[in-house]
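**Q** My questions concern the predicted model and sequence given below.
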Amino acid sequence: MSDEIRATVARLIRDVSNGNRAAFQELVPLIYEELRALAHRQRRRGRYDATLNTTALVHELYLKLEGQRRLPATDRAYFFAVAAKAMRHILCNYARDRRAQKRGNGAAKISLDDLTIPPDVPHDGLSEKHADILAQLEEALRRMEHIDKRGTEVVECRFYGGMTVEETALALGVSPRTVKRDWQLAQAWLHREMKLHK
């Protein structure tokens, strides 16, 4: 991305944050490939089926962001943190609906350790196991929001947004060291919560 395009993206994000909906329409084509990369990383992690392919996920993300009256994103990093949060909601809703279709509400609980999925696993649809994991993770994250908001934001950026430690630090306005610590604490807390609520 050229310096000129970076400057345009920064200006458009500020305009979007000030409620300019036309700026959002200009912004999306400039960052579309980055949004696709974000969606692609999530699809590889979650093994979603063809009904939620990368393009469909980007379009769902677009609709979710476009439907907000105002996006509280003052810079590029924070915009992608907001996008990661929106991606979390889309994926969790998809997993919940998928789990309900396959099994109903009595699904078995699965450990957080199962969240890491090798990138070369073929995509044959969101398995019951992975739908359970995402639904259980969402429940734990909702509990976590009440006691550790920043930890929840770190999980959104790192897990759902696929952001690096440095990108997350920039988006949240903290040091990379803080992100690393929060990420470790959040993973440990979520692991314990998911075991406790089996």
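**A** Sure, I can see it.
**Q** May I ask you to name the longest helix in the protein?
**A** helix 76-103 (DSSP state H).
**Q** which parts of that helix are buried?
**A** Using 16 or more other C-beta atoms under 10 Å as the test for burial, helix 76-103 gives 76-88, 90-92, 94-96, 98-99. C-beta coordinates here come from the backbone N, C-alpha and C atoms, glycine included.
**Q** Would you mind pulling up the elements that whichever strand or helix holds A188 packs against?
**A** A188 is part of helix 176-196 when elements are defined by DSSP states H and E. Applying 3 or more C-beta pairs under 8 Å, 6 or more residues apart in numbering; DSSP states H and E, one finds that helix 176-196 contacts helix 128-147, helix 149-155, helix 165-172.
**Q** Averaged pLDDT, the longest one. What do you get?
**A** The average of the pLDDT scores along helix 128-147 is 82.
**Q** And for E153, the neighbour number?
**A** A total of 22 residues lie near E153 under the criterion other C-beta atoms under 10 Å.
**Q** which ones are touching the residue nearest to it when sequence neighbours are not counted?
**A** With sequence-adjacent residues excluded and distances taken as C-beta to C-beta, 6 or more residues apart in numbering, E153 is closest to L172, at 5.7 Å. Taking C-beta atoms under 8 Å, 6 or more residues apart in numbering as the criterion, L172 is in contact with A81, R150, E153, V154, C157, V179.
**Q** which of these lies closest to T54?
**A** Looking at the contacts of L172 and their distance to T54, the nearest is C157, at 19.4 Å (C-beta to C-beta).
**Q** Test my guess that the closest one contacts T164.
**A** No. C157 sits out of contact with T164 when judged by C-beta atoms under 8 Å, with a separation of 9.1 Å.
**Q** Which one of the two is surrounded by more residues?
**A** Taking neighbours as other C-beta under 10 Å, C157 and T164 compare with C157 leading, 28 against 13.
**Q** Give me the phi and psi for that one.
**A** The phi and psi values for C157, taken as degrees, to the nearest 10, are phi -70, psi -50.
**Q** where in the chain is pLDDT low?
**A** The model of the chain has pLDDT under 70 over residues 45-52, 69, 99-128, 197-198.
**Q** if you set the cut-off to 50 instead, what comes out?
**A** Across the chain, the stretches falling below the confidence threshold (pLDDT under 50) are 104-114, 116-124.
**Q** which ones are touching the residue nearest in space to the middle of it?
**A** Within the chain, one residue has its C-alpha closest to the average C-alpha position: by C-alpha atoms, centre = their mean, that is Y160, at 2.8 Å. Counting by C-beta under 8 Å, 6+ apart, Y160 touches Q42, A84, K85, M87, R88, L91.
**Q** For I31, see how far away L38 is.
**A** Between L38 and I31 the computed distance is 10 Å (C-beta to C-beta, to the nearest Å).
**Q** Please say which of those two ends up with more neighbours.
**A** For L38 against I31, the residue with the higher neighbour count under other C-beta under 10 Å is L38, and the figures read 23 against 20.
**Q** What is the subsequent helix or strand relative to the one helix or strand that one maps to?
**A** With elements taken from DSSP H and E, the one containing L38 is helix 21-46. In the C-terminal direction, the helix or strand that comes right after helix 21-46 (DSSP H and E) is helix 54-66.
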